[in-house]
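In: Have a look at this prediction, sequence included:
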Amino acid sequence: MKTVLKIENLDCPVCAEALQSELQKIKGVVDVQVEYITQTITLSYENETALQKVIVKANKFEDVRVLDGGVPPTKRKNAHTKAWLCIVIAALFFVGGTLLEYLARGTLAEALRYVLYALAYLSVGYPVLISTAKNLVKGRVFDENFLMTVASVGAIALGEFGEGVLVMLLYQLGELLQSIAVGSSRNSVAELMELKSEYATVVVDGVQRLVPPEELSVGDVVLVKAGERVPADGILLSEIAALDVKSLTGEADLRMCKTGDELLSGSINAGGVYEMKITRPYKDSAVSRILDMVENASSGKAAPEKFIAKFARIYTPAVCIFAVLLAVCAPLCNGLIADNRLYFKNVAAWIRSALTFLVISCPCALVISVPLTYFSGIGTCAKQGILVKGATYLDVVAKTRIAAFDKTGTLTEGNFTVCGVRLAKHRPHSENELLSLVAAVESGSSHPIARAFVSVPFVHSAENVSEHAGQGMSATVCGKNVLVGNETLFRSHGISVEKVESVYTLVHVAEDGEYLGAVEIGDKLRENAKTAVAALKQQGVLRSVMLTGDSAQRAQSIAEEVGIDETYVQLLPDEKHLKAKELKKAGVLLYVGDGINDAPVMMAADCAVSMGTLGSAAAIEASDMVLISDDLTALPKALRVAKKTRRIVLQNIIFSIAMKVAFMVLGAGGILPLWLAVFADVGVMLLAVCNSFRVRSKK
Ligand code: ADP
Ligand code: MG
């Protein structure tokens with residue numbers, strides 16, 4: 001069983017790691033991911049008891065609270081107000097203490113100064129001290145709280161009371177700013193979550209009733225009023241409707257729909273009231289798929305993220321050991337070298353260096369900014385109508401060299417219509433007879449081609465219908481074996497096909513081995529397929545490729561129109577798969593398909609993209625990215641965001657590590673005062689976090 005638990009008050013990525021490893025130990029927990037940025041626990045578990053244990057354990061962890069459905073999250077803002085207040089009060093006490101230190105002399109002044117410093121220290125540092133104590137009891141050391149407690153207590157023990165206070169003050173200020181920054185990222189993605197309508201107005205026998213979207217069933221008639229969101233996918237019953245699809249595509253334009261048009265859930269009614277009929281239950285609707293994916297996106301971690309997590313795990317203890325060495329061995333060596341005698345020389349100075357070193361070593365800039373950058377990247381994509389199932393794919397997409405497309409349903413709209421009939425020379429049947437024969441057979445298929453025949457009436461229904469993926473159909477009608485499909489299918493059945501010149505896709509028909517003719521079916525090119533392919537080229541994609549099961553004639557004409565470089569035709573699904581593997585050798589392969597007959601290629605490609613509305617549930621499951629509104633121009637946008645994300649991640653890694661190393665050297669050498677070390681640490685972290693915000697900017 002799988003579930004996603006929402007939590008709050010998980011304060012840092014390192015705590016998330018710690019909680020995760022605790023939860024992992026629970027019996028019955030198969031897999032668990034704790035996410036700091038999304039504040040979620042993604043859990044797969046064996047039984048109800050395991051789930052309950054996880055909830056109990058998580059609730060006991062620091063301030064973490066599991067929010068189940070009904071409980072509203074405590075206002076993050078209030079928490080911030082309280083933190084600000086503590087910082088301001090502490091700062092006032094600190095300033096008071098410092099003024100006394102410089103202005104007044106005497107025992108009384110000194111006593112007062114200590115009191116002021118103590119008040120300052122406690123008012124800002126008490127949460128840190130408490131969690132350090134709690135963690136020590138549980139045997140969890142080496143987190144940020146621990147580092148700051150050691151550093152500040154150490155400074156105080158060395159007689160630098162003011163500095164100890166300043167360390168705590170700066171650290172808490174940094175934590176607060178970080179929490180605000182992360183919160184704002186979180187909110188920008190949370191806006192997405194508002195896609196879901198709270199209720200839908202169902203009309204039964206003229207009576208209106210409000211129900212939650214989850215309770216809608218297929219066939220329900222729903223009234224959507226001005227300004228309301230479409231609650232679940234369906235078709236329009238009223239004459240016209242104007243929809244604002246900004247939250248699905250990122251484009252601020254209105255979509256005009258007429259009777260029978262598909263309405264995607266999540267879009268807003270920008271016109272008057274209209275009626276619609278539900279065609280998909282809420283859980284299969286666009287909105288619910290989007291929300292699921294956004295929530296689960298963080299589990300597919302990118303390589304740099306995994307690296308950082310591993311890095312932090314070995315790095316912190318290593319640094320602590322080095323600090324202890326610096327505090328113990330360095331003074332010994334100092335004594336040995338200076339006076340040729342084994343004793344501790346300059347102990348206080350070396351301990352200070354060790355403390356400074358400890359403070360600087362905290363890897364928070366990396367640990368926070370890298371996942372945050374990916375998270376912003378995924379959020380930015382989602383806002384533009386592209387769902388990315390994990391940071392890994394963002395990384396992969398950024399490196400795309402070859403873009404391969406499926407033809408039907410991807411480069412074309414997949415709305416086939418019958419455009420003509422080409423009877424065989426000896427004309428055994430009339431056009432209508434041929435059409436109804438095909439319609440009978442196609443009624444058993446879900447291929448886009450089959451949809452061209454839904455309005456064609458037929459008298460005799462088909463039996464023993466079987467589908468030959470990527471080729472066509474066979475069935476028995478009135479006791480005769482009927483074959484419907486492309487040339488490949490006919491060749492494999494040893495039936496020869498009469499050659500005809502046609503710009504359309506030909507669906508050949510044979511009865512008991514005798515060729516009857518072909519139905520021409522047309523499919524419009526997707527509006528901006530050409531723009532999208534050209535834009536991909538601009539984003540550094542070297543080759544564009546079409547993989548199709550259709551005939552060369554039709555494929556070629558589409559390839560020319562769209563501007564595709566290479567076309568591979570008459571491919572069966574597994575041949576597409578092989579072709580994809582071959583293409584992959586030359587560079588990172590992006591594959592875009594509608595999921596009909598191309599699940600195998602999707603598995604082979606480095607990154608598989610599926611069409612959101614046309615795509616089957618299985619295809620969306622198999623793909624790594626989904627274009628919510630089937631808009632191909634979302635692809636180059638995704639590429640741009642992905643590249644930008646990668647660039648910023650690299651910048652952050654290099655910047656943070658370089659700064660860290662520089663400061664660590666200065667700190668260990670005793671050149672940097674402790675408070676400045678904290679200041680630098682907080683500064684680097686904030687700069688890195690702010691840099692990650694750039695992903696979201698439009699340019
Ligand atoms: P594409 O690769 O263009 O997306 P498919 O792999 O789905 O197309 O199908 C390849 C070809 O197989 C189609 O162009 C069509 O000629 C034939 N075909 C597949 N399914 C059917 C069907 N249900 N009826 C008739 N022809 C079909
Ligand atoms: Mg297809």
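Out: Yep, it's here. Ligands and ions are numbered 1, 2, ... in the order given.
In: Can you tell me the closest non-neighbouring residue to Ser436?
Out: Leaving aside its chain neighbours, Ser436 sits nearest to Phe458 (4.0 Å; criterion: C-beta to C-beta, 6 or more residues apart in numbering). Glycine gets a C-beta too; all of them are placed from N, C-alpha and C.
In: for this protein, which spans come out with low pLDDT?
Out: The chain contains residues with pLDDT under 70 at 68-78, 140-142, 187-194, 250-252, 293-300, 613-618, 698-699.
In: Output the longest strand belonging to it.
Out: Of all the segments of type strand in the chain, defined by DSSP state E, the longest one is strand 514-522.
In: Show me what whichever helix or strand comes after it is packed against.
Out: Read in the C-terminal direction, the helix or strand following strand 514-522 is helix 529-538, with elements assigned using DSSP states H and E. Applying 3 or more C-beta pairs under 8 Å, 6 or more residues apart in numbering; DSSP states H and E, we find helix 529-538 packed against strand 543-547, helix 552-562, helix 634-668.
In: which parts of the stretch 301-450 of the chain sit against ligand 2?
Out: Taking C-beta under 5 Å from the ion as the criterion, the stretch 301-450 of the chain approaches ligand 2 at residues Asp406, Thr408, Gly409.
In: Report how many residues lie close to the residue nearest to Ser436.
Out: A total of 19 residues lie near Phe458 under the criterion other C-beta atoms under 10 Å.
In: does any bit of the longest strand of the chain sit next to ligand 1?
Out: No - figure legend: strand 514-522 not in contact with ligand 1 (C-beta under 6 Å from any ligand atom); closest approach 8.6 Å.
In: partners of that strand, with directions?
Out: Sheet partners assigned to strand 514-522 using DSSP bridges are listed as strand 417-423 (antiparallel), strand 505-511 (antiparallel).
In: Using CSV, lay out those together with mean neighbour count and distance to ligand 1.
Out: Supplementary listing: those in CSV, determined by neighbours: other C-beta atoms under 10 Å; distance: least, C-beta to the nearest ligand atom, whole Å:
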stretch, mean neighbour count, distance to ligand 1
strand 417-423, 16, 12
strand 505-511, 23, 5
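In: residues touching the residue nearest to Ile521 when sequence neighbours are not counted, list them.
Out: Taking C-beta to C-beta, 6+ apart as the measure, Ile521 lies nearest to Phe416, with 4.5 Å between them; neighbours along the chain are not counted. Contact criterion C-beta atoms under 8 Å, 6 or more residues apart in numbering gives Pro448, Ile449, Arg451, Ala452, Thr505, Ile521, Gly522, Asp523 as the residues in contact with Phe416.
In: Name the residue of this structure that lies nearest to ligand 1.
Out: In the chain, the residue that lies nearest ligand 1 is Gly549 (2.3 Å; C-beta to the nearest ligand atom).
In: got the contact list for that residue?
Out: By C-beta under 8 Å, 6+ apart, the residues touching Gly549 are Thr408, Gly470, Gln471, Asn486, Thr488, Val569, Gln570, Leu571, Leu572, Pro573, Lys576, Asn597.
In: what does Glu514 give?
Out: Applying C-beta under 8 Å, 6+ apart to Glu514 gives the contacts Pro428, Ile495.
In: how close does it sit to Ile495?
Out: Using C-beta to C-beta, to the nearest Å, Glu514 is found at 8 Å from Ile495.
In: cool, and Phe322?
Out: 78 Å.
In: In the stretch 101-250 of the chain, what residue comes closest to ligand 2?
Out: Among all residues of the stretch 101-250 of the chain, Asp233 sits closest to ligand 2, at 20.6 Å; criterion: C-beta to the ion.
In: Longest helix in the protein, by number of residues?
Out: Using DSSP state H to assign secondary structure, the helix with the most residues in the chain is helix 303-339.
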